[in-house]
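A.B. asks: Let's see this in three dimensions:
(4 chains)
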2 protein chains.
Amino acid sequence: MTEQPAQTTTAGDPATARGEQTRQLIRDTAMRLFRERGYAQTTMRAIAQEAGVAVGNAYYYFGSKDHLIQEFYAQSQVEHRAAAQPVLDREEAFGPRLAGVLHAGIDVLTPSHGFAATFFKTAAEPTSPLSPFSAESSGPRQAAIDLFGEVLTGSTAKVDAELRPQLPELLWLAYMGVILYWVHDRSPGQTKTRQLIDGAVPLVDRLVALSRLRVLRPVTRQVLDLIRTLRH
Amino acid sequence: MTEQPAQTTTAGDPATARGEQTRQLIRDTAMRLFRERGYAQTTMRAIAQEAGVAVGNAYYYFGSKDHLIQEFYAQSQVEHRAAAQPVLDREEAFGPRLAGVLHAGIDVLTPSHGFAATFFKTAAEPTSPLSPFSAESSGPRQAAIDLFGEVLTGSTAKVDAELRPQLPELLWLAYMGVILYWVHDRSPGQTKTRQLIDGAVPLVDRLVALSRLRVLRPVTRQVLDLIRTLRH
DNA sequence: GTCGGTAGTTGAACACGTTCAAGAAGGGCG
DNA sequence: CGCCCTTCTTGAACGTGTTCAACTACCGAC
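C.D. replies: I've put the predicted structure just below:
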């Protein structure tokens, strides 16, 4: 229950609902404390106190402590898109484009490695609205998938016609895998995740190129059929 | 802190420490309630009450509510091993052996799909001792990896010499992937997970066979090098 | 200007996981 | 039997996320 209010934010209405300021204040305070102390160590009481509001007020805007995470989620996606822009402008070949966008994603997340790691557990719960697969986060998810669509459309790569429509989502899935690795990555500066990207991208690149080969056509088909079956 | 006591259970000493009975009573009660009500809906107070002990007593044996999950974890692994035995006795080819063992794993987990799903989130947290990658669960993990080792050693498959030592762990990783899909699988009876297994196993089978081809040797090497780099 | 309704705000209260100081039970040893 | 030490057990108390009935602030309508 406890719906997010700002249904009014349908389109550009500058001075929207009265509480918009409070909403942002609470969100920003929460993000700051998460970064400073970590997710578990940040209490709702602390957020409310630092923001100068009552505890219940935070719950008026955000259904739960977990919902504050979704805010981080959306914010990161926007930053990722922005950080990817130079890469999309600069690179033309598929491989470098993909690598650049993946690196940009990790760049954006890196300052939050400490607390982001702990909260991705919540994202893993299927019933949670925070799951990257859930309906509730379909907005940021679609934006992310679209970003990988741009990786593809802007590139010079020739892709199998059947594979092409599926590929953006598959690349996004691979990105989720990279993030899963990154979350568990204890190497200093998460350098291993960087190695993962640099090592895996050429393989993906080659695999995509191979998908057009006549000999491999049946395999490509088989894989794509399986994927189509497994999608919900 | 709060170590699990029964260090004494090194080998077969039948009437071990005094509290062993209590320990099992609490564990069994917890498992029953988890199945009946789900993980989140089962309170520690309820477990204690149903087991007829004080709340604090449960914490004497299990460091936290999450630690009770690890018990489920270990128990499932043992059941999986047992359920896989007929398959390993019956099948000789790599593909059917792998498929059989994967299906056996899902068979064991199926009755707990409802609550297992919610608790796998805890397993996803890197800092948690419950993570399948953590040191604390290295016991069950190694047992699981060994099981996939048996899938391989007992089979007639010819495997690339360099790939062979890595393969059991890779198969286990794939199994983790299957479980991740299963956790999110909302299809009735989780039939899609079954389709995933039946669809993916032939592909894996073919891939393993291809790894021996001279033409693909460089790629195989490249992949294996990457994996070796990424292991912690 | 006042009235009414919506949007926003409050903080005490609840249920939960967890901790801990206190005690009980058991057993080896004189 | 009495002593001591380890193992086990207790339940009140703490801090947490969350709820909710009550209250206030604002704004349009008359």
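A.B. asks: Contact residues of chain A facing DNA strand D?
C.D. replies: Neighbours of DNA strand D within chain A, by CB under 7 Å from any atom of the strand: A:2, A:18, A:42-45, A:55-56, A:59, A:63-66. Quick note: C-beta positions are derived from backbone N, CA and C, even for glycine.
A.B. asks: in chain A, which residue is closest to the centre?
C.D. replies: A:Gln77 (5.3 Å; CA atoms, centre = their mean).
A.B. asks: Give me the local confidence score for it.
C.D. replies: With respect to pLDDT, A:Gln77 scores 93.
A.B. asks: Contacts only, for it.
C.D. replies: A:140, A:143-144 (CB atoms under 8 Å, 6 or more residues apart in numbering or on different chains).
A.B. asks: With A:Phe94 instead?
C.D. replies: Per CB under 8 Å, 6+ apart, neighbours of A:Phe94: A:151-152, A:155-157, A:205, A:208.
A.B. asks: what about 7 Å?
C.D. replies: When contacts are counted by CB atoms under 7 Å, 6 or more residues apart in numbering or on different chains, A:Phe94 is found next to A:155, A:157, A:205, A:208.
A.B. asks: Just give the number of residues close to the last one.
C.D. replies: I take that to be A:Val208. Number of residues near A:Val208 (other CB atoms under 10 Å in any protein chain shown) recorded here: 22.
A.B. asks: What helices and strands are in contact with whatever helix or strand it lives in?
C.D. replies: Element membership for A:Val208, per DSSP states H and E: helix A:191-210. With contacts taken as 3 or more CB pairs under 7 Å, 6 or more residues apart in numbering or on different chains; DSSP states H and E, helix A:191-210 sits against helix A:94-109, helix A:167-184, helix B:217-230.
A.B. asks: can you do 10 Å?
C.D. replies: Counting contacts by 3 or more CB pairs under 10 Å, 6 or more residues apart in numbering or on different chains; DSSP states H and E, helix A:191-210 is packed against helix A:94-109, helix A:167-184, helix A:217-230, helix B:217-230.
A.B. asks: what residue ranges in chain A score low on pLDDT?
C.D. replies: In the predicted model of chain A, residues A:1-17, A:122, A:232 satisfy pLDDT under 70.
A.B. asks: need the longest helix for it.
C.D. replies: The helix spanning the most residues in chain A, taking DSSP state H as the definition, is helix A:65-90.
A.B. asks: what sits against A:Thr43?
C.D. replies: By CB atoms under 10 Å, 6 or more residues apart in numbering or on different chains, the residues touching A:Thr43 are A:33, A:37, A:49, A:55, A:65.
A.B. asks: So which of these is surrounded by the most neighbours?
C.D. replies: Ranking the contacts of A:Thr43 using other CB under 10 Å puts A:Leu33 first, with 20 neighbours.
A.B. asks: A:Gln142 reaches A:Pro132, doesn't it?
C.D. replies: No: A:Gln142 is beyond contact range of A:Pro132, at 11.1 Å (criterion: CB atoms under 10 Å).
A.B. asks: Spell out which residues are contacts of both of these two.
C.D. replies: With CB under 10 Å, 6+ apart, A:Gln142 and A:Pro132 have common neighbours A:Trp172.
A.B. asks: residue contacts, A:Gln85?
C.D. replies: A:101, A:104, A:147, A:150.
A.B. asks: Turn these into CSV, columns for distance to B:Asp225 and neighbour count.
C.D. replies: What follows is the contacts of A:Gln85, written out as CSV (distance: CB to CB, whole Å; neighbours: other CB atoms under 10 Å in any protein chain shown):
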residue, distance to B:Asp225, neighbour count
A:Val101, 24, 26
A:Ala104, 25, 21
A:Leu147, 29, 22
A:Glu150, 31, 16
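A.B. asks: just these now: which is nearest DNA strand C?
C.D. replies: A:Leu147 (31.9 Å; CB to the nearest atom of the strand).
A.B. asks: For the closest one, give me its contacts.
C.D. replies: Contacts of A:Leu147 (CB under 10 Å, 6+ apart): A:77, A:80-81, A:84-85, A:88, A:101, A:104-105, A:168, A:171-172, A:175.
A.B. asks: Also A:Ala143?
C.D. replies: Residues near A:Ala143 by CB under 10 Å, 6+ apart: A:74, A:77-78, A:80-81.
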